[in-house]
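[1] return a 3D structure for these sequence lines:
(2 chains)
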Amino acid sequence: MTSFVKPFIRRKNEPTNDLGLVRADYDGAMSTLCAGCGHDSVTATMARAFFELSIEPHMAVKVSGIGCSSKTTAYFLRESHGINTVHGRMPSVATGAIAANHQLAYIGVSGDGDSLSIGLGQFVHAMRRNVNMLYVLENNGVYGLTKGQFSAAADIGSTAKKGAVNELPPIDPVSLALSVGATFVARGFSGDRDQLLPLIKAGLKHKGFGLIDVISPCVSFNDHKGSTKSYAHAYKYYNPAIHADYVPPSQQIKAAYAAGEVMPVKLHDGGEIRLRKLENGYDPRDRAAAIGKLFESGESSEIITGLLYINEDHKDMHDMARMEDRPLNQIPYAELNPGAAKLKELQKGFR
Amino acid sequence: MRPTNTRNPDYFHKVVDCQWACPAHTPVPAYIRLIAQGRYSDAYMLNRESNVFPGILGRVCDRPCEPACRRGRLEEEPVAICRLKRVAADHRDDITDQLPKKPAKTNGKRIALIGAGPASFTVANDLAPLGYECTIFEKLSEPGGLMRSNIPAFRLPEQVLSEELGYILGMGVELKLGHSVDSMDALLEEGWDAVFVGSGAPRGKDLNLPGRWDTKDADGVAGANVHIGIDWLGSVAFEHTKAIGENVLIIGVGNTAMDCCRTSLRLGAKNVKVMARKPRAFFKASAWELEDAEEENVEIIVNHSPKSFVLKDGKLTGMVFEVMEYEIDESGKIISQNMTGETTIACDDVILAIGQDNAFPWIEETSGIKLDKWHVPEVDEATFESTRKGVFFGGDAAFGPKNIIWAVEHGHQVAISIHKHCQGKMLSGRLPNEVDMLPTKMGMFEWRYSNSYDDAARRKMTHVELTKRFEDLDVEVELGFTAEQIATEVERCLNCDIQTVFEASLCEECDACIDICPVECLSMTPDAEDEAELRASLSASEIIEGQALYVSDALPLTGRVMIKDENVCLHCGLCAERCPTAAWDMKESLIEIHYADEQDAEQKIGGGA
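    This next block holds a predicted model:
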């Protein structure tokens, strides 16, 4: 716990975004996580992404479950909407919220416990439905809030702080996402914001379910020798396969890459993601290749990162279900509730 | 890039903007902390070490520290450093027993000091306790130099001045008043071991425009009702002049002009105009002196260039001005000027405050002291020695008009030179500054300084009511800070001398410091060839001259470097509070400056004493 607060200091000549807001306008309450927690770094990067995208805080929604990572929604975007749901039930609440108003920017923050154990079913079905949200899974391999038991993401052979060895195979959220139809799948590391920031921006602008699995070390319970989710291990085995830059619609003229070096992917908002190959022959638009690459890297204990898969052609939940485009709160009451007679008529059709 | 060498004593010194900007390098944050603790006497004594006259300077210093203050880069107003210095002086107890004593025995070396201003008094302050027999010669009947004759008593009360000069006289310094030195050759023949010239820049500039010498007073003396600013102020200070006409024009907008216009109001002027040739951005006067004058309803008229004096029957009735127009480029420089017309402004008196020059009519060529064509002596910039061995210059006498705090610093340096000269040592072999790093950690989230940021605005000094302040010439206008004002103002200081110190080998690259920093002055980035490339990774970096970029050693896990923009850092210590491995720490940098009394330290150690 901390006994100090980060002051909000407005400076002369401070950089502002298109809305005239400063970076600190996207901060939240003071983090109560352990000093050095990877989650704080992810939080700061999310705040910066919203700042740089000039998203008005009241046009954003933060949703989360239970756990250290789920606490972090309090630590950024103090003036946006947000809900801490029941453990593992964040995807359902988010799905409901998006059904009611799909014009807001949705970001879900969860952890390996919340998503891969208690909430695994919910997590998978949100991906299947291609719910239009960015889901940031802060993955540290342990249950930090309950003092360091292995989570379902712990690698075989990795050890707990007091030496116990994990023998259960891990659930890899990235391969899982690829197998059930997520349309934007990435992995990042809290220690590399240069990579993470554009991923978050691109994920927010992608139409459909975006998953970013972020290796985010737990300094208190999983940062020792023998851990495969420590800072030292992540820095050592970390391998960025592909770099993604989000380019907003207004800045598209400034293309500065040689042909062949960059793969542009058009987004629905008119912007695009520019993929820069860091490794020969990798194409994140090819799902089979992505799955192959993941299994390959798993054997060499390499942590492959970057935007591993993207598909902009798949319909999201809203389109598939042919839902109302207008947010429900903007529809006149008489239209929203046409009355008992209309209901009866509707029910007739099902008889 | 090469990692920053923080062992260089200048590195952390520069980070303490106020101390670095102060010619005498007064440790400002350190004395503000003492004031915060209510240790006014200790704060006064700490000030006195470097600036010698805290009570005087706490009122009338030119305050080069304030424009430099880090707080001013964050918001509009810097910490009221000068006013806090006065707080230390106003609230101190009797500190006479802490002052250096007159030594029981002198060392037999006789030093002549010419001019009883701040420079000579500082030399005496440093040398008398070491056993030197110092004699100050002053042509006027009171000591203080321009501090007495040119700074009006409503800004600097006589008693404050006399008390601080008295401290130094109490160290066994002889003061010869009404004793003008008329010949350097004659003085040198008296066999002094060293001579110091601290006689200031006493000649006010004249303005020889048509009509200047056509006025006559009752006795037929030419040039009546046209006064040279510094002479006129002196004449008021020594009570030779007690009145002035109703309508007064001041020519010039320096600090002397501000003293002239405000003094005029106290001598009965009803209508005072300060005439400036250029626009406001080009005024030489300090912003606060302009404000204080305007508060007293002095009118400042810009873009009027004096052309001639207007007379009627041999009596001054006004002045003719050319009305100017300037074209100013983006950088604020005048690129062309243009006269658009003429205007006559009526007046009874004109005071010329357009600058002052050095004047040494009493230094003969035979003395071996070289003066250039502007009567400025050739003086070594480090040792202050003239072209004649054993004769030193300091204060305004050395390099032309500056200010009191520069005179004090010159005095310190001259004292070292004289000490070395009298021992037959090389003048240039001075002890360099050193830096000591002291821990400040007291416990979890607890430091030896008030690190939390306080967003209070600068406190405003209360002034005597306008209706009361003109009653007498010596009603001090500024009332000093109240207890509440002190308590707030001390918290505005950012404690720039409490440094963020980084130990790269302990860092685990978790980003905690970067996220907690409220001004985003930190970053971890791959090492680069030059600073500009490293700065690119900082979102809020601004290149300001003299403000360094701290670059760490390579970090253990990735080989990247930690960088910090010293320009924006607020020294709040949150990086050190947040760091899980204590790679960041807060340490007080103590800049050790060695005065004349410490110059023999090396020798003592060498002698095995």
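
[2] got a list of what the most centrally placed residue in chain A touches?
    By Cα atoms, centre = their mean, chain A has its centre lying nearest to residue A:136, at 2.4 Å. Contacts here follow Cβ atoms under 8 Å, 6 or more residues apart in numbering or on different chains; on that basis residue A:136 touches A:42, A:46, A:107-110, A:200, A:203, A:212, A:214. All C-beta atoms are positioned from the backbone trio N, CA, C, and that covers glycine.

[3] in TSV, list the residues you listed along with pLDDT and distance to residue B:524.
    Shown next, in TSV, are these (pLDDT from 0 to 100; distance: Cβ to Cβ, whole Å):
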residue	pLDDT	distance to residue B:524
A:42	97	15
A:46	97	18
A:107	98	25
A:108	98	28
A:109	98	23
A:110	97	27
A:200	97	19
A:203	95	23
A:212	97	21
A:214	96	17
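
[4] the residues you listed in strands, which ones?
    The strands, defined by DSSP state E, take in A:107-110, A:212, A:214 from the contacts of residue A:136.

[5] okay, now residue A:161: neighbour count?
    Residue A:161: 16 surrounding residues under other Cβ atoms under 10 Å in any protein chain shown.

[6] ok so, going back, nearest to chain B, of the ones in strands among the contacts of residue A:136?
    Nearest to chain B among the ones in strands among the contacts of residue A:136: residue A:214, at 12.5 Å, using Cβ to the nearest Cβ.

[7] wait, the closest one sits on residue A:192?
    No - with contact defined as Cβ atoms under 8 Å, residue A:214 does not count as touching residue A:192 (9.8 Å).

[8] which one's more surrounded, those two?
    residue A:214 (29 against 23).

[9] ok, how many other residues are close to the nearest residue to the more buried one once chain neighbours are set aside?
    Counting by Cβ to Cβ, 6 or more residues apart in numbering or on different chains, residue A:188 is the residue found nearest to residue A:214 once chain neighbours are left out, at 4.7 Å. Residue A:188 has 29 neighbours, counted by other Cβ under 10 Å.

[10] three-state assignment of residue A:188?
    With DSSP: H, G, I helix; E, B strand; the rest coil as the basis, residue A:188 sits in strand.

[11] gap between residue B:492 and chain A?
    Note on residue B:492: its distance to chain A, by Cβ to the nearest Cβ, to the nearest Å, is 13 Å.

[12] give the contact list for that residue.
    Contacts of residue B:492 by Cβ under 8 Å, 6+ apart are B:71, B:79-80, B:454, B:456, B:458.

[13] export those residues as a markdown table, with columns for secondary structure, pLDDT and distance to residue B:160.
    Converted to a markdown table, these look like this (DSSP: H, G, I helix; E, B strand; the rest coil; pLDDT from 0 to 100; distance: Cβ to Cβ, whole Å):
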| residue | secondary structure | pLDDT | distance to residue B:160 |
| --- | --- | --- | --- |
| B:71 | helix | 93 | 27 |
| B:79 | coil | 97 | 22 |
| B:80 | coil | 97 | 18 |
| B:454 | coil | 89 | 30 |
| B:456 | coil | 92 | 28 |
| B:458 | coil | 94 | 23 |
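
[14] and the residue nearest to the centre of chain A, that one's in a strand?
    Yes - counting by three-state DSSP, residue A:136 is part of a strand.

[15] buried by neighbour count: which residues of stretch B:3-19 qualify?
    Judged by neighbour count (16 or more other Cβ atoms under 10 Å in any protein chain shown), stretch B:3-19 contains these buried residues: B:4, B:6, B:9, B:11-19.
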